[in-house]
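# the following block contains a protein sequence and its predicted model.
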There are 2 protein chains.
Amino acid sequence: MNPDKASRRTFLMASLGLSAVSFIRPASRQTLTVGQVIDRIKTNVAIPWREQTVDNLIAGTQDMPVKGIASTMMATLDVLQRAAAKGLNMVITHEPTFYSHQDRIEPIGQDSLYQLKRDFIQEHGLAVFHFHDHWHGRHPDGIATGMIRELGWVKNNDSQNPRLFTFPETSLARFAQGMATKLGIRTMRVIGDPNLPIKRVMASWGNVSLMPGIPYLAQADVLVVGETHEWELVEYVQDAITSGQKKALIIMGHLVSEQAGMKYCAEWLKGFISEVPVDFLAAPEPYWRPDQPVR
Amino acid sequence: MNPDKASRRTFLMASLGLSAVSFIRPASRQTLTVGQVIDRIKTNVAIPWREQTVDNLIAGTQDMPVKGIASTMMATLDVLQRAAAKGLNMVITHEPTFYSHQDRIEPIGQDSLYQLKRDFIQEHGLAVFHFHDHWHGRHPDGIATGMIRELGWVKNNDSQNPRLFTFPETSLARFAQGMATKLGIRTMRVIGDPNLPIKRVMASWGNVSLMPGIPYLAQADVLVVGETHEWELVEYVQDAITSGQKKALIIMGHLVSEQAGMKYCAEWLKGFISEVPVDFLAAPEPYWRPDQPVR
């Protein structure tokens, strides 16, 4: 360890308004470790780290040297392959790696595809950090910040309620078309009268359950979500419309409803990680529709 | 009660190979009660009735006289209104009435839409019976039977495995297009190479979790489901494809993936209910897509 160098860097970061907590581990001049990156994330996310959280190191070890960082919405095998090819050996993923929000391995421990993915990660010296709860928990929510910027909704955002947006009046069909075009979504699904006037929009990115879906819907003309159960919130919205309420629901798809939040995460990481490259790796929308197949 | 009439009816049903168990409650010549209909369902479904089940009387009472029966995929407010207008005062629904698979009311007890729907049911003297577990548990699965008939897949069904089908080879895109056209599905979503040759198809109607989704996928070229989580089975299928497996996933939509099973249920009910009319009430696909709005 070079104490002069460490002191200079600590001073430099402190002068940028960043905590020095992230530098308590000894580090050589050239080496940034996975543990250090996680420590800096914990410091910079600036909320207390939860005891119960899915935000854990899913693969790799704290002391692995980081050569580059990939931020992604979902650490699919495709994303991991692209990260490895680019020499980005630490992957920071919002969604699970092994098909389970809680990263439970037991149900798939004997599955050959799970083993192939696990072995790929190991053989390519990758570390995978699940970064979900605290990126949402940050003030403001990191996913929301990225999505709002990508959609160009910053100026429409309510100053008191980060989920609420006000727009010049348009129809539901036009509003949905605008979102689908902006984000290039192929399989967005909409419920409601296409001519319904839309001014107030509530957005809840990712998966949304019946609660808090119901109170969200109550606050706006249309609720925008990533994914939701058909036998819960979808039925509720249908009933609200049948009962005469002027309401609608837009289901974007889970990945496309949060992806720009991890694009923004790469930018955010660059604010306190300068030793190695940090890239955003987009995961494609998984689906196509039968009349417009996509290779 | 007219004992002659009851005896004749009991004899007639017995001669059709149906149990007389359903007639143990006293009934007048004109009156069929909700409880009697449920008893006949229990008898005719011909599997032991589960202790833990969602198949319960959700609204109404056992002794209510039944004037007509509506079988439906989902007891939306729209379906209930149509049932009431037709004088079908007992609704048999595969999916929940109050936005919860377990029919839990607590979370929504104070919600005005819940109260409106509950009051509509009461004011119109409707009974609602949730018929999910045992209709699936029947041999063969009642939902599967109806879907396979509707799709015209009876001849393609494997004799040993009711979920497995074999077709003359076609491409994934053509296969998906065929299903969407046959059932009039607007928002089907497909994952996989559109040119993937399809011969073996596994179908699991309704919601499908990672398990048993993984072993289902292993047995066929394409797995067909109604609804599934994007961060679980969808990610798994994407990884399977990336790893070189020749696989695909078709997500039909939950309602359209089971609806014909409740159309068949109406037919089945008519086999042992002749006193009152029995109708199937279709619920529409909830969604449209932004470039093809539907009023």
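Yes, it's here.

# quick one: the helices in chain A?
In chain A, helices defined by DSSP state H lie at A:3-15, A:34-45, A:77-85, A:112-123, A:133-137, A:142-151, A:172-183, A:210-218, A:235-242, A:254-270, listed in chain order.

# which other helices and strands does the longest one contact?
Yep, that's helix A:254-270 we're talking about. With contacts taken as 3 or more CB pairs under 8 Å, 6 or more residues apart in numbering or on different chains; DSSP states H and E, helix A:254-270 sits against strand A:69-74, strand A:90-95, helix A:142-151, strand A:197-207, strand A:222-227, strand A:278-280. C-beta coordinates here come from the backbone N, C-alpha and C atoms, glycine included.

# of all those, which lies closest to B:Ala218?
Each of the helices and strands packed on helix A:254-270 has some distance to B:Ala218 by CB to CB; the shortest is strand A:69-74, at 22.1 Å.

# contacting residues around the closest one?
Contact partners of strand A:69-74, identified using CB atoms under 8 Å, 6 or more residues apart in numbering or on different chains, comprise A:37, A:79, A:82-83, A:86, A:88, A:90-96, A:255, A:258-259, A:261-263, A:265-266, A:269, A:273, A:276-283, B:231, B:235.

# quick revisit: could you dump the helices and strands packed on helix A:254-270 to TSV with distance to A:His124 and mean neighbour count?
Output for those, formatted as TSV (distance: least, CB to CB, whole Å; neighbours: other CB atoms under 10 Å in any protein chain shown):
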stretch	distance to A:His124	mean neighbour count
strand A:69-74	12	27
strand A:90-95	10	27
helix A:142-151	27	22
strand A:197-207	28	20
strand A:222-227	30	25
strand A:278-280	16	20
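
# so which of these gets nearest B:Phe120?
Per CB to CB, nearest to B:Phe120 of the helices and strands packed on helix A:254-270: strand A:222-227, 23.2 Å.

# starting from that closest one, tell me which strands it pairs with and how they run.
strand A:197-207 (parallel), strand A:248-251 (parallel) (DSSP bridges).

# now the angle between helix A:254-270 and the first one, please.
With axes from the mean of the first three to the mean of the last three CA atoms, to 10 degrees defining the directions, strand A:197-207 sits at 70 degrees from helix A:254-270.

# any idea of the angle strand A:197-207 forms with strand A:69-74?
Using the same axes, to 10 degrees: strand A:197-207 against strand A:69-74 is 110 degrees.

# run a quick neighbour tally on A:Gly109.
A:Gly109: 11 surrounding residues under other CB atoms under 10 Å in any protein chain shown.

# ok, now how distant is it from B:Ser243?
17 Å (CB to CB, to the nearest Å).

# now the helices of chain A in TSV, with mean pLDDT?
Below are those laid out as TSV (pLDDT from 0 to 100):
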stretch	mean pLDDT
helix A:3-15	40
helix A:34-45	98
helix A:77-85	98
helix A:112-123	98
helix A:133-137	98
helix A:142-151	98
helix A:172-183	98
helix A:210-218	98
helix A:235-242	98
helix A:254-270	98
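
# nearest to A:Leu57, of these?
helix A:34-45 (6.7 Å).

# now do the closest one: which elements does it pack against?
With 3+ CB pairs under 8 Å, 6+ apart as the test, helix A:34-45 has strand A:90-95, strand A:127-130, helix A:133-137 packed against it.

# repeat the analysis, applying 7 Å as the threshold.
Helices and strands touching helix A:34-45, by 3 or more CB pairs under 7 Å, 6 or more residues apart in numbering or on different chains; DSSP states H and E: there are none.

# around chain B, pick out the residues from the stretch 1-150 of chain A.
A:74, A:76-78, A:95-96, A:99-101, A:107-108, A:111, A:113, A:116-117 (CB under 7 Å from any CB of the partner chain).

# now the two most distant members of those.
A:Asp78 and A:Pro107, at 22.4 Å, using CB to CB across the residues of the stretch 1-150 of chain A next to chain B.

# neighbour count winner among the two?
A:Asp78 (18 against 15).

# picking up where we left off before, ok, which of the helices and strands packed on helix A:254-270 comes nearest B:Ile191?
strand A:69-74 (13.3 Å).

# quickly run through the sheet partners of the closest one, with directions.
When sheet partners are counted by DSSP bridges, strand A:69-74 sits next to strand A:90-95 (parallel), strand A:278-280 (parallel).

# save the ones you listed as a markdown table, and put in mean pLDDT too.
Shown next, in a markdown table, are these (pLDDT from 0 to 100):
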| stretch | mean pLDDT |
| --- | --- |
| strand A:90-95 | 98 |
| strand A:278-280 | 98 |
